[in-house]
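S.K.: what's the 3D shape of this:
(chains A and B)
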Number of protein chains: 2
Amino acid sequence: MMNNTLKNIEEILLMGPGPSCVPASVYTALSKKTLGHMDPYFIKIMDETKVLLQKVLMTKNNLTLPVSGTGSAGMETCFVNLIEKDDPVLILINGVFGKRMQDLAERLGAKVDTLEFEWGKPVEVERVKEQLKTNSYKIVAVVHAETSTGVRNPVKEIGELVKEKDCLYLVDTVTSLGGIEVATDAWGIDALYSGSQKCLSCPPGLAPATFSAKAVDVIVNRKSKVPNWYLDLSLLTKYWEGKTRVYHHTAPVNMLYALNQALYLIVEEGLENVYRRHLENHKKLVAGLEELGISMLVEPEFRLPMLNSIYIPKGIDDAAGRKELRLKYKIEIGAGLGPLAGKIWRIGLMGHTAHPENVERFMAALKGILKK
Amino acid sequence: MMNNTLKNIEEILLMGPGPSCVPASVYTALSKKTLGHMDPYFIKIMDETKVLLQKVLMTKNNLTLPVSGTGSAGMETCFVNLIEKDDPVLILINGVFGKRMQDLAERLGAKVDTLEFEWGKPVEVERVKEQLKTNSYKIVAVVHAETSTGVRNPVKEIGELVKEKDCLYLVDTVTSLGGIEVATDAWGIDALYSGSQKCLSCPPGLAPATFSAKAVDVIVNRKSKVPNWYLDLSLLTKYWEGKTRVYHHTAPVNMLYALNQALYLIVEEGLENVYRRHLENHKKLVAGLEELGISMLVEPEFRLPMLNSIYIPKGIDDAAGRKELRLKYKIEIGAGLGPLAGKIWRIGLMGHTAHPENVERFMAALKGILKK
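M.R.: You can find the predicted model right below:
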């Protein structure tokens, strides 16, 4: 018998900072019959998922895999495998997720330097250049798409600076992957993580990650064991690679089915088409908002198409407005975080959410709450 | 369009060491529409899941939650939150998962003592008693149901020894929970983790865990920050408890639906009935095996009903036999691990797998491969 609480789950239009709407075929994949994590057919699905991930990540990295946890477990995986005590790390911060990187790296005993930038503005390449002139780091880390503000950071440009140094380049693409270009190899990224529940339009629970040969070399030559058994890449590799697979932990089998299908849909549509769809729907949303006199937090050049930070319309109460959207119109949007709480709303157009009918439904709902 | 690889997934009778067969209503729950991780209705589902977990764990512990990872992430959560550098820890080992505890605790800088016992035999309470007479520990850790051997360890009896000491009692119930009694509070367990994919019959991906007030006190009074942001219970608590929920990581929403439904089914059937069903099917299996002259690794008193280690029948090749069961009969069983590789097979009767028709189907298949 089905629990009534679950039976009564409504369909909500997910226009917040993730999770995003999930295509019907991804739900179908999710609920396919569970196979054993060492089953030969399941290993075939793992191998195929890896190839799909490489395509979407634009990388030839052999060590490419979905980590068995949500996006933040991807962040944890990158730092815990690459950092040893007292390693110097530079973190570029202009939002919640840059701050999270700092917290996480400090917990692991790294010597963390930070460059902080105003929330809502991009990381300034010139300041990074100055910092790298006089300091050496093992890792330079930055968030591509700051989900807390809607800013796109200049990951390609920073990569050109890092390339000139003997240094690893670590990039958070949780919100960008599958929505704007993420050219892992071309941009010189050494370690990257993402999340399944943003522009990949899979439910939350997995963190795609990839590592360059240079990063793998650092991991293989660690002096100390990775202080995290669950996320130790030297063990995970033996399960994800090679002819004979070695059991590590029981993989989240059904979530991996769903991720496989979500990636398959993106590759079928074509990366360029997917990016264009995100951009067009973003433009449609911005045009609608401007008609209502609502302004955007971020300057056009650095706006993310998939995460639109808008100033809360005048006369509308933050919490009450979001509550009305959720309860009356069945639309979820996101609140502001940190210094932007109470000032902005975050409107997601991620993955399967990025379709014109959703923009239209949101604009109609917004007009509804503005009228009162 | 659906990826053909996924479309062609066959239904396999999962009689290995987990994952186990998943009931239809759990698949239905898994593929319900994704809600936001801060959605009020989703928080209602979280609260309900916590109450269901408390029932199945026989605990009043407030800090009871499913960790966002598979069973080993539960192990990692318990150790990383409770251990600080140089803490003395005693680990009782008689299989793969006790060894894993040791590896994990050592990575975190604990001073680890171990008592090792023969694989296939239980932990000896007398030796533990002797050890505790002359040594003090912050944590004593043991695996309840050793999935690598099919041994039930005397967790209740060890708990009585630990209670007398100023010491935390940490228990792995990955394979036992939902199959045999796990009396968290009555047995004095301070920290416990499990997995969703064994006797709970939910797909893999979540690790139920619970912590006593004494364990919470240790966590709250740590001198150092938990060296793992993703699994830091002081942060997770703010998301799982209280009137105002604070975002930590994006919860694996759909997996939590599935766990809720899986727990709901167990509570509906009644814990005693569930334990009896496991025991009866275990007896049916053992009777059938004995008829064929196949013997069990573990002495009757310490056998797990849900994980049956049998000596590989004479004349049957380990790998070829398992392959035939999988390909011809669509049944998965488990191989032996470590010193038992090539000697035993592991036959799971976990959760939804523990039904007479599955025992009968397995026995018929076994006779099929023995005949040749």
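
S.K.: Please count neighbours and contacts with C-alpha atoms only from this point.
M.R.: OK.

S.K.: Go through the helix or strand where A:Leu289 lies and flag the buried ones.
M.R.: According to DSSP states H and E, A:Leu289 maps onto helix A:271-291. By neighbour count on 16 or more other Cα atoms under 10 Å in any protein chain shown, the buried set for helix A:271-291 is A:Leu271, A:Val274, A:Tyr275, A:Arg277, A:His278, A:Leu279, A:Asn281, A:His282, A:Leu285, A:Val286, A:Gly288, A:Leu289.

S.K.: Determine which two of those are furthest apart.
M.R.: Spatial extent of the buried residues of helix A:271-291 (Cα to Cα) is set by the pair A:Leu271 and A:Leu289 at 27.2 Å.

S.K.: picking that back up, check which element follows the helix holding A:Leu289 along the chain.
M.R.: As assigned by DSSP H and E, the chain's next helix or strand after helix A:271-291 is strand A:307-311.

S.K.: Which part of the stretch 1-150 of chain A gets nearest to chain B, residue-wise?
M.R.: A:Arg107 (4.8 Å; Cα to the nearest Cα).

S.K.: How about the residue nearest to the spatial centre of chain A, nearest residue that isn't a chain neighbour?
M.R.: By Cα atoms, centre = their mean, chain A has its centre lying nearest to A:Val174, at 0.8 Å. Nearest non-adjacent residue to A:Val174, counting by Cα to Cα, 6 or more residues apart in numbering or on different chains: A:Ser194, 3.7 Å away.

S.K.: residues in contact with the residue nearest to the centre of chain A?
M.R.: By Cα atoms under 8 Å, 6 or more residues apart in numbering or on different chains, the residues touching A:Val174 are A:Gly71, A:Ala145, A:Tyr193, A:Ser194, A:Gly195, A:Ser196, A:Lys198.

S.K.: Doesn't it belong to a strand?
M.R.: No: read with DSSP: H, G, I helix; E, B strand; the rest coil, A:Val174 is coil and lies in no strand.

S.K.: measure the residue nearest to A:Val174 to A:Gly159 for me?
M.R.: Distance, A:Ser194 to A:Gly159, using Cα to Cα, to the nearest Å: 18 Å.

S.K.: When these two are compared, which one has more neighbours?
M.R.: A:Ser194 (30 against 22; other Cα atoms under 10 Å in any protein chain shown).

S.K.: Need the pLDDT of that one.
M.R.: pLDDT, A:Ser194: 98.

S.K.: Can you give me the distance of it to A:Gly336?
M.R.: Going from A:Ser194 to A:Gly336 by Cα to Cα gives 21 Å.

S.K.: about what we covered before: for the residue nearest to A:Val174, give me its contacts.
M.R.: Counting by Cα under 8 Å, 6+ apart, A:Ser194 makes contact with A:Gly71, A:Gly74, A:Asp172, A:Thr173, A:Val174, A:Thr175, A:Leu177, A:Ala207, A:Pro208, A:Ala209.

S.K.: possible to save the residues you listed as CSV with pLDDT and distance to A:Val96?
M.R.: As requested, the contacts of A:Ser194 are exported to CSV (pLDDT from 0 to 100; distance: Cα to Cα, whole Å):
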residue, pLDDT, distance to A:Val96
A:Gly71, 96, 14
A:Gly74, 98, 16
A:Asp172, 98, 12
A:Thr173, 98, 14
A:Val174, 98, 13
A:Thr175, 98, 13
A:Leu177, 98, 18
A:Ala207, 98, 18
A:Pro208, 98, 20
A:Ala209, 98, 20
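
S.K.: Tabulate these (CSV), appending distance to B:Ser20.
M.R.: Formatted as CSV, the contacts of A:Ser194 follow (distance: Cα to Cα, whole Å):
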residue, distance to B:Ser20
A:Gly71, 27
A:Gly74, 27
A:Asp172, 35
A:Thr173, 34
A:Val174, 32
A:Thr175, 34
A:Leu177, 33
A:Ala207, 24
A:Pro208, 26
A:Ala209, 28
